[in-house]
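Novice: my questions are about this predicted structure, shown below with the sequence.
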Amino acid sequence: MQRDHVYISELGEHVGAEVTLRGWLSQKRSSGKIRFLVLRDGTGFVQCIAFVKNVSPETFEAAGQLSLESSLVVRGTVKADARAKGGYEIDVRELELIGDGGEFPIQPKEHGVEFLFDNRHLYLRSRTPQAVLRIRNEVVQACRDFFYERGFVLIDSPILTPAACEGTTTLFETDYFGQQAFLAQSGQLYLEPACMAFGKVYCFGPTFRAEKSKTRRHLTEFWMIEPEVAFLELAGLLDLAEEFVSYIVARVLDRCAEPLEFLERDTSGLEQIAAPFPRMTYDQAAEILRGEEAQKRMREAGAPPFEYGGDLGALDETILTEGKDLPLAITHWPKEIKSFYMQPAEDDPDKVLGLDLLAPEGYGEIIGGSQRIHDHDLLEQRIREHDLPMEAFQWYLETRRYGTVPHSGFGMGIERVVTWLCGIAHLREAIPYPRQIHRLYP
RNA sequence: UGCUCAGAAGCUCAAUGGCGAGCAGCCGGCUGUUAACCGGAAGGCAGUGGGUUCGACUCCCACCUGGGCAGCCA
C-alpha cells in the first residue's frame, strides 16, 4: 500500500528524513521558545519538538494552543536522540490540526473507577487500557491459532437460545417474536453434536450470566472459548487444557513484552509455565483445605470454613494456588455441585469427571470442563433428577441416540486469563466495554 | 442479596461543629520538558430528605448512587 505518512513504530527506518505523522496529542509541555508535543498514533508514542526558530510563528503559536487529544498531522524530521523515550524525536516543521481535543475529560493523573468507566470510550486512549487490550488481542489470536493448527473446526454457537439449559435464574431473558428466549451462557450443548460431525470443534463468543455478582472476578457479559472433542476422555482433556494454556502464555511472553513491561508485570512466574501442571482430585484438595493451617486462615479471614462436598470459595482457591507458578488442575468433583451432563467416575459414582483449572497467584478459575455423559439413558435420568424440562433437551439427547461416543470439552474465560497474564486487579479492565451489574454504559 | 466503605469545584483529595488545595480550563512567564515548572484571576446550595444544635461537610435516621469483600461461576 502506498502511503504518504508513516507510523510511529516505523520511525527507525526514517532517521534523518522528513516524515508525516498522523495521530493524537497525548501530552504536551511548553517553555518560552520550545514546545513538546507527545503524539500517539496507535503504534506508539513520540515526542515532537516545536522550536521557535525551526517553525513559522503561526505553527509555533498553534503548538502552544493545542489541547490534549487533538488530532493532528505533524510534518518534521526524524532524529535519533538519547533523551527521547523510544530513541527518536520529531523536529517539527509543520502542524495541521484535524479535530480540536476540547476539554478532554481524562487527564494525565489519577481518576476514580466510576469516572474512568463512565468514560471508557475515551479511557481506551490511555496507556494502561491499551497495554491490557493488546495482550487480550494476543490471547485471542493465540487461542484461534492453537485450535486451527490442531485441526479444530470453528463452530459458532447461537447466542439466542430457546430454553434454559441449566436453570433460568442466571440467564438474561428476552422476547423472541413473542416467544421466550435467553442469551446463551455457554455454547457447549451445541458443540457436543458438532463434535460428532467434525471430531474436534470449538466456539468462541460472548456469553451472558445474569448473576448479580459484584466481585473483581465477574462480568455479566464475557468471552469464552470452548473446545469439544469426540472420543476424548478426562485424561486427554487435562492434556489439552494444559497444552492450551501453556501455548497462550508462551505466545504472550513472546509477543507482548512491551505491554507487559508497561504494566510492570513480573513475568518470572509465567516463564515457568509448561505442561504438565500439578493435578489433584477434589478429595486431595479437600484434604489440604481441612488441614489445620487452612482452617486457621479461613477463621482469620472471616471466610466461611471449607466443608467437604461443597464448592471451593475464593479463599480456598487462593490457599491452593498461592506461591505456585503453575496452574492447578482439580478433577473428580462431587456430582451434587456440578452440572447434570458430567460423566460419573467409574470407581466412584458420587464423583464426576469434571475439571477445574485454577490460575496461580489467586487469580481463580480460568477453565471449567468435563467429560460428558455419552450414555443416553443415564443422561436422560440426570435431566430428570435436575428437574430440567425434558422436551427442551430432545435434540441434545439425540447425540446419544445416534452413534454416541465418549467426548469431553471445557470453557475458558478470556477475561480471566487476560487479567491473570496482565497481573491486574479487576476483570473489567480486561474487556473493552465491561458489562456489570451496575454498568451498561457506555 | 449480605457485610463494609464512600458521596464536597470538570477530576483527585485535605480540614476537632464555624470550607481548603492540587490538576484541568482561562490569562501571563520560561530553550530540553517527561503526570514539567513559576505567577494571576475564576470556579462550591457539600447525593436526596429529615433530625440534633446558636450554628452541620462534620453528629443521628432514612433513602439514592457507587466502590471493596462474600456467594454464584469463566
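Specialist: Everything's here; your move. Numbers count the residues shown, from 1 in each chain, chains lettered A, B, ... in the order given.
Novice: for residue A:156, grab phi and psi.
Specialist: Main-chain dihedrals, residue A:156, degrees, to the nearest 10: phi -70, psi 130.
Novice: same deal with the one 3 residues further on?
Specialist: Note on residue A:159: backbone dihedrals following degrees, to the nearest 10 are phi -90, psi -40.
Novice: flag every residue of the stretch 151-300 of chain A that's near RNA strand B.
Specialist: Counting by CB under 7 Å from any atom of the strand, the stretch 151-300 of chain A comes close to RNA strand B at A:170, A:186, A:209, A:211-220, A:222, A:224. Yep, even glycine has a C-beta here, placed from its N, CA and C like the rest.
Novice: highest neighbour count among those residues?
Specialist: residue A:219 (26 neighbours; other CB atoms under 10 Å).
Novice: quick one: contacts for the closest residue to RNA strand B within the stretch 251-400 of chain A?
Specialist: Nearest to RNA strand B, among the residues of the stretch 251-400 of chain A, is residue A:313, at 2.4 Å (CB to the nearest atom of the strand). Residues in contact with residue A:313 (CB atoms under 8 Å, 6 or more residues apart in numbering) are A:303, A:304, A:306.
Novice: surely residue A:108 forms part of a strand?
Specialist: No. Judged by DSSP: H, G, I helix; E, B strand; the rest coil, residue A:108 forms no part of a strand; its state is coil.
Novice: how many residues are close by the residue nearest to it when sequence neighbours are not counted?
Specialist: Spatial nearest neighbour of residue A:108, chain neighbours left out: residue A:27 (6.1 Å); criterion: CB to CB, 6 or more residues apart in numbering. For residue A:27, the count of nearby residues is 13 (other CB under 10 Å).
Novice: pop out the phi and psi values for residue A:27.
Specialist: Residue torsions, per degrees, to the nearest 10, at residue A:27 are phi -150, psi 160.
Novice: quick one, what contacts it?
Specialist: A:36, A:37, A:38, A:68, A:108.
Novice: for it, report the pLDDT, please.
Specialist: For residue A:27, the pLDDT comes out at 92.
Novice: for residue A:120, see how far away it is.
Specialist: 21 Å (CB to CB, to the nearest Å).
Novice: got it, and residue A:442?
Specialist: Taken as CB to CB, the span from residue A:442 to residue A:120 is 6 Å.
Novice: gap between the worst-scoring helix or strand of chain A on mean pLDDT and the chain center?
Specialist: The least trusted helix or strand in chain A, going by mean pLDDT, DSSP states H and E, turns out to be helix A:292-301, with a mean of 85. Averaging C-alpha positions (CA atoms, centre = their mean, to the nearest Å) puts helix A:292-301 31 Å from its chain's average.
Novice: contacts for that helix, please.
Specialist: Contacts for helix A:292-301 (CB under 8 Å, 6+ apart): A:288, A:289, A:303, A:304, A:305, A:306, A:315, A:316, A:319.
Novice: just give me how far the helix or strand following it sits from the chain centre.
Specialist: Per DSSP states H and E, helix A:292-301 leads on to helix A:314-321 as the next helix or strand towards the C-terminus. Relative to its parent chain, helix A:314-321 has a centroid offset of 21 Å by CA atoms, centre = their mean.
Novice: helix A:314-321 versus helix A:292-301: what angle between them?
Specialist: 140 degrees (axes from the mean of the first three to the mean of the last three CA atoms, to 10 degrees).
Novice: roughly how far out does the helix or strand following helix A:314-321 sit from the chain middle?
Specialist: Next helix or strand after helix A:314-321 toward the C-terminus (DSSP H and E): strand A:328-334. Distance of strand A:328-334 from the chain centroid (CA atoms, centre = their mean) equals 23 Å.
Novice: same question, stretch A:76-94
Specialist: 36 Å.
Novice: endpoints of that stretch, how far apart?
Specialist: 7 Å (CA to CA, to the nearest Å).
Novice: now swap in stretch A:337-352 and tell me
Specialist: Stretch A:337-352: ends 10 Å apart by CA to CA.
Novice: need the residues of the stretch 1-150 of chain A near RNA strand B, please.
Specialist: Residues of the stretch 1-150 of chain A lying near RNA strand B (CB under 7 Å from any atom of the strand): A:27, A:29-34, A:36, A:47, A:49, A:51-53, A:67-68, A:81, A:83-85, A:89, A:103-105, A:107-115.
Novice: what about the residues you listed, which are in helices?
Specialist: In this view, those that belong to helices under DSSP state H are A:113, A:114, A:115.
Novice: dump the residues you listed into CSV; add pLDDT and neighbour count as well.
Specialist: Output for these, formatted as CSV (pLDDT from 0 to 100; neighbours: other CB atoms under 10 Å):
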residue, pLDDT, neighbour count
A:113, 91, 10
A:114, 90, 10
A:115, 92, 11
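Novice: tell me where the stretch 101-250 of chain A has strands.
Specialist: Counting by DSSP state E, counting those that start in this stretch, the stretch 101-250 of chain A has these strands, from start to end: A:153-154, A:160-161, A:173-176, A:179-183, A:200-208, A:221-230.
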